[in-house]
Structures are given as structure tokens and as C-alpha cells.
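> From the sequence below, what's the structure:
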Amino acid sequence: MRRSDPCAAGAVKAARRAPALIPESLGPEGSEAWREVCELLARFAGERLADGATARSSGQFDRLNRTGRFLSHAAGTYDIAVQAYGRIGDPAAQSRLLTELARESFDPGDCTRAVSCQGRAARIAETIGDEVSRGEALSTMAHAYLLLQDDGNTARFAERAAPLLTDANRPAAAGRALTTLANAHYRLNDLTEALHAARRAEALTAETETFLRNVGYLTT
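The predicted model follows:
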């Protein structure tokens, strides 16, 4: 759906009304009856983001600020879908949508939006006890803060992400968090901590390579 589509404005208006139609405090059976509506809203949001990516690749967006404005419109549609999933009590779907939007936010350089989305996703993941998703969200926040040159917050969130991902047996993801942490410490001129984090990341990378060789994904 392109922005020039005359039906686009009407579709967005209809989507905005949809969450309010879903009754609050639904039981499991009632929630399932409304799940299709939530899925339609999520697909609509995804299509708006996909249209933005297509426009960028075809050269229709020749300025970064125009791309950012398009992302803002698509983000509003994502918020609608997140609200709808909240109505039917599906926090995992909310977290997934927020993570999807955060990843798309990096392309036009909207790292602030990425931080906001992943912060919400991390809180949701913590509520439902999904430590892997929480660790990944915190790690993405750390990466966004690194790009924003906020080294203090980079270190803070990377330090929180690394043990969660290590404990969840996600060595590759934990290694990325530790690499981000090493970069933050280096820029903070804490060379001892930077080296320590880098060595931990290197060890996890070796662990990942060993695992991949054992399952046949890598050959010597």
C-alpha cells in the first residue's frame, strides 16, 4: 500500500478504531475470537513498513528525513497492532511487533525509536519471564545507544543483556552484547574493562563455532 493510494488514509482510520472494538478483560475463548483482527492489523503494519523499504530501494526516498517521516507513519500503525494484542492478552505478540519495528528503525538511523521500542519489548518479556527475548531486546538497546554515542547507557544495557543471554545458552547473542560492551568501555577510556569484555566475547565466539561444527554447519 503506497502512501499515494487513495484508500490508505481510510485504511489507517479504520485500523485506529479497531482496538477500541475489542472488549477488555476477555477470557481465553473470547480472546481467540478477536485474534484474526489482531493478525490483520499486524499484517497491515508490516505491509506499510515493506512499502517504505521498497520505496527506499527504488530511489523514491532520496532524503533520509523523508524516509524517517514514512517510518513515523508506519510506527503509528504498529502501535495500533500492539494495542490490539494487548486487548486479547498476547504479550509475546506485542514484544515481537515492537522488536520488528525497532529493527526497521535502524535503517533510517532512528536509533531513538529503536531504544524506545526495545525498552517496551524488554519490559514485556520480563513480565512473561522470557529471558531470551529480554536479553536480546536489551542488547539491541545497547547497540542503539552505541550508535547514538551514549557510551554510559551502552555499557549499562550491554552488561544487563550479556548474562541473560549467556544463561539462556545463546553464546552468539551474548558475544554480540559483550562486543558492544567492549566498544563502550573503550570509548569511555576504560581499557581494562574493554579488554575483559572483548576476551569474553572471543571465548563465546569460539564456543559458537565449536557448536556449529558439531552439528555440521561449519567444516574445518
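
> Flag every buried residue along the helix or strand harbouring Tyr145.
With secondary structure defined by DSSP states H and E, Tyr145 is part of helix 131-147. Buried residues in helix 131-147, defined by neighbour count with 16 or more other Cβ atoms under 10 Å: 131, 133-146. Placement of C-beta: from N, CA and C, glycine included.

> residues making contact with it?
92, 95, 99, 102-103, 106, 109, 111-112, 114-115, 118-119, 121-122, 125-126, 151, 153-158, 160-162, 164-165, 167-168, 170, 173-174, 176-177, 180-181, 183-184 (Cβ atoms under 8 Å, 6 or more residues apart in numbering).

> Check stretch 187-204 too.
149, 151-152, 155, 162, 166, 171-172, 174-176, 178-179, 181-183, 185-186.

> Pick out the most distant pair among the buried residues of helix 131-147.
Farthest-apart pair in the buried residues of helix 131-147 is Glu131 and Leu146; separation 22.3 Å (Cβ to Cβ).

> Just the buried subset of the contacts of stretch 187-204, written out for ChimeraX, thanks.
Those of the contacts of stretch 187-204 that count as buried under 16+ other Cβ under 10 Å are selected in ChimeraX with:
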select :151,155,162,166,171,174,175,176,178,179,181,182,183,185,186
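
> List the ones among the contacts of stretch 187-204 that fall in helices.
151-152, 155, 162, 166, 171-172, 174-176, 178-179, 181-183, 185-186 (DSSP state H).

> Any regions of this structure where pLDDT drops low?
1-30, 51-70, 207-220 (pLDDT under 70).

> ok, which stretches of it are helices?
Under DSSP H, the chain gives helices at 8-21, 28-57, 64-87, 91-106, 111-128, 131-147, 151-167, 171-187, 191-214.

> what about Thr99, distance to Leu146?
To Leu146, Thr99 is 18 Å away according to Cβ to Cβ, to the nearest Å.
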